[in-house]
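Colleague: sequence and predicted structure below; questions after.
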There are 2 protein chains.
Amino acid sequence: MLTIGKLAQETGVKVPTIRYYEQIGLLPVPGRSVGNQRLYGAEQLDRLRFVRHARDLGFPLEAIRDLLSLSDRPEQPCVAADGIARAQLIAVRARLARLRALESELERMVAQCAHGTIRDCRVIEVLGDHAQCGHDHAGAA
Amino acid sequence: MLTIGKLAQETGVKVPTIRYYEQIGLLPVPGRSVGNQRLYGAEQLDRLRFVRHARDLGFPLEAIRDLLSLSDRPEQPCVAADGIARAQLIAVRARLARLRALESELERMVAQCAHGTIRDCRVIEVLGDHAQCGHDHAGAA
DNA sequence: CCTAATGTCTCTAGCAACTATAGCTTCAAG
DNA sequence: CTTGAAGCTATAGTTGCTAGAGACATTAGG
């Protein structure tokens, strides 16, 4: 059995975060020692590792909650889990596309900086006038 | 003079967000009509467009606050503004690198899905065992 | 066995950057 | 003159944690 601190070490999830996950029902309420300290077994360790890994992959907690409840029913078809992963992939790709556009605009801004005064600063100028952008990152909204 | 609604239309920033920006001191307190409604002029419009554009580029509000105060002193050298933009570029590149790694792992997860049951689901399996990842996105921590 | 240093406990509040709700007043059109 | 949209203030909620206060538990050293 692991204390919360050991569990934190094993998984790389910070102690307050573990308690937070318990609080929002992502982790089940663990047993307690005589002195009222949380004690975790191997199952909890696996579960938290799962959560950690999914968070690293950018899954929102709600999606992780769904994935966990799926993994509790191993006989079910895997379509739902696949769907969640696909949705996450789409979200990641959208963020990537957006970030790539931002990168190129920032590169232009920085490259054109002549190191003069603010008055002539491309950075400020470009930010003040969207029309000077190469592309349409702002969209219409 | 524009009402807050018109200003929102012009800039694409939502009405509550404009009030929020005022509240946190990012926009100056505007004049009011006889009936106590906010009225904005061209200067405010420009300022909010600047904020909007910078937000679109992912600058945090604190950085925008700095950029705005810089742009109020056009005689100053532009080094500071350039630095803020460079920092933002570095941050964007870091996020890009991370997202690219996630994209490839998610692609692998989804591609390997055999559409069987949860028991054999790669998505769940990979999430449960970090060792199955191609790379090291989780880091040590 | 005692003490000191951690570790853990609960609870509350804070972060970014908004978004939503409630309950009111004001404005513009018909 | 009435009605509906738009505006006002103030508070609370969102996501995913993080930080603090003040009290109890455990462990290592003397």
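Modeller: Yep, that arrived. Because the structure is a prediction, the values reported are computed rather than measured.
Colleague: only C-alpha atoms for contact and neighbour calcs from this point on.
Modeller: OK.
Colleague: so what pLDDT did residue A:13 get?
Modeller: We note a pLDDT of 94 for residue A:13 in this prediction.
Colleague: nearest the middle, which residue of chain A would you pick?
Modeller: residue A:58 (3.2 Å; Cα atoms, centre = their mean).
Colleague: quick one: that one from residue A:84, how far?
Modeller: 12 Å (Cα to Cα, to the nearest Å).
Colleague: distance between the helix ranked longest in chain A and the chain's centre?
Modeller: If you go by DSSP state H, chain A has its longest helix at helix A:79-111. In this view, helix A:79-111 has its centroid 13 Å away from the chain centroid, taken as Cα atoms, centre = their mean, to the nearest Å.
Colleague: check whether that helix comes near chain B.
Modeller: Yes: against chain B, helix A:79-111 shows contacts by Cα under 8 Å from any Cα of the partner chain at A:79, A:81-82, A:85-86, A:88-89, A:92-93, A:96, A:99-100, A:102-103, A:106-107, A:109-110.
Colleague: now the helices for chain A?
Modeller: Under DSSP H, chain A gives helices at A:4-11, A:15-23, A:42-56, A:61-71, A:79-111, A:122-128.
Colleague: next, the angle helix A:42-56 makes with the longest helix of chain A.
Modeller: Angle of helix A:79-111 versus helix A:42-56, following axes from the mean of the first three to the mean of the last three Cα atoms, to 10 degrees, is 40 degrees.
Colleague: so which bits of helix A:79-111 are buried?
Modeller: A:79, A:81-82, A:84-86, A:88-89, A:92-93, A:96, A:98-99, A:101-103, A:105-106, A:108-110 (16 or more other Cα atoms under 10 Å in any protein chain shown).
Colleague: tell me the pLDDT at the residue nearest to residue A:27 when sequence neighbours are not counted?
Modeller: Sequence neighbours aside, residue A:21 is the residue nearest to residue A:27 in space, at 5.7 Å (criterion: Cα to Cα, 6 or more residues apart in numbering or on different chains). As summarised for this prediction, residue A:21 has a pLDDT of 95.
Colleague: show me what the one helix or strand in chain A whose mean pLDDT sits lowest is packed against.
Modeller: Averaged element by element with mean pLDDT, DSSP states H and E, chain A has its least confident helix or strand at helix A:122-128 (a mean of 76). Packing partners of helix A:122-128 (3 or more Cα pairs under 8 Å, 6 or more residues apart in numbering or on different chains; DSSP states H and E): helix A:79-111, helix B:42-56, helix B:79-111.
Colleague: just checking, what packs against the shortest one?
Modeller: Looking back up the chat, that one is helix B:42-56. By 3+ Cα pairs under 8 Å, 6+ apart, helix B:42-56 packs against helix A:122-128, helix B:4-11, helix B:61-71.
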